[in-house]
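**Q** A structural model of the following input is requested.
(one chain, ligands or ions: 2)
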Amino acid sequence: MGLLHIQVLMMMPVLSDVTGDVLELVVRGDLDRERMDHHDLRIVAGSGGDLVDSDPGSSLSVHVVVQDLNDNPPVFERQRYFAVVRAEDPRGKEVARVRAIDKDEGQNAKVTYSLNRRQSSEEGGKLFGVEEETGIIRLNRR
Ligand SMILES: [Ca+2]
Ligand SMILES: [Ca+2]
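**A** Numbering: from 1, shown residues only. Ligands and ions are numbered 1, 2, ... in the order given. I've put the predicted structure just below:
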């Protein structure tokens, strides 16, 4: 997870252990978009002694964008939701709205909702329905 290889083409030799014109940067450890979604590096070339960053021909800026992994599950905003249903409430009435947040990005953060029928009594499982996209729980029937 998170191992990133960056190849930066250089027009001149920059390090003694670089072969040809290719410098390879290897990130050791994990990158986590949720912790830091980009990294900016500055590579300075020199032939020894103090490196001087003032010569634009001997330095290179590298902007690394960390792509997202789907490494976070959705987490509900609350551990419990309470709702009151009255005998006269009509079918389709909104009973509660649940919401879960996923710290990932884009499709990796997409949350859909469904009821676990196996954890409900047969009657209870039929009584309520949840909208997949909104998390709104509605009364299915009176
Ligand atoms: Ca992620
Ligand atoms: Ca996720």
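
**Q** the helices in the chain, which residues?
**A** Counting by DSSP state H, the chain has these helices, from start to end: 122-127.

**Q** not counting residues beside it along the chain, what's closest to the residue of it found nearest ligand 2?
**A** Closest to ligand 2 within the chain is residue 104: 3.8 Å, counting by CB to the ion. In this view, the C-beta of every residue, glycine as well, is placed from N, C-alpha and C. Nearest residue to residue 104 in three dimensions, chain neighbours excluded: residue 72, at 4.9 Å (CB to CB, 6 or more residues apart in numbering).

**Q** surely the one you found touches residue 33?
**A** No: the pair residue 72 / residue 33 is not scored as a contact, 9.9 Å apart, by CB atoms under 8 Å.

**Q** so who does residue 36 touch?
**A** residue 66 (CB atoms under 8 Å, 6 or more residues apart in numbering).

**Q** sorry, back to before: so the residue of the chain closest to ligand 2 sits against residue 70, correct?
**A** Yes: contact between residue 104 and residue 70 holds when scored by CB under 8 Å: they sit 5.6 Å apart.

**Q** who are the contact partners of the residue minimising distance to the centre of the chain?
**A** Residue closest to the mean C-alpha point of the chain, counted by CA atoms, centre = their mean, is residue 104 at 2.0 Å. By CB under 8 Å, 6+ apart, residue 104 lies in contact with 33, 34, 68, 69, 70, 71, 72.

**Q** ok, the fifth one to residue 110 distance?
**A** Pointing back at residue 70 there. 10 Å (CB to CB, to the nearest Å).

**Q** what's the burial count for residue 90?
**A** Residue 90 is flanked by 9 other residues according to other CB atoms under 10 Å.

**Q** next one: the one 10 residues further on
**A** Using other CB under 10 Å, residue 100 is surrounded by 14 other residues.

**Q** shouldn't it be in contact with residue 75?
**A** Yes: Residue 100 lies in contact with residue 75 (CB under 8 Å); the separation is 5.9 Å.

**Q** and the gap between the closest residue to ligand 1 within the chain and residue 35?
**A** Ranking the residues of the chain by distance to ligand 1 (CB to the ion) places residue 104 first, at 4.1 Å. Noted for residue 104: a distance of 12 Å to residue 35, by CB to CB.
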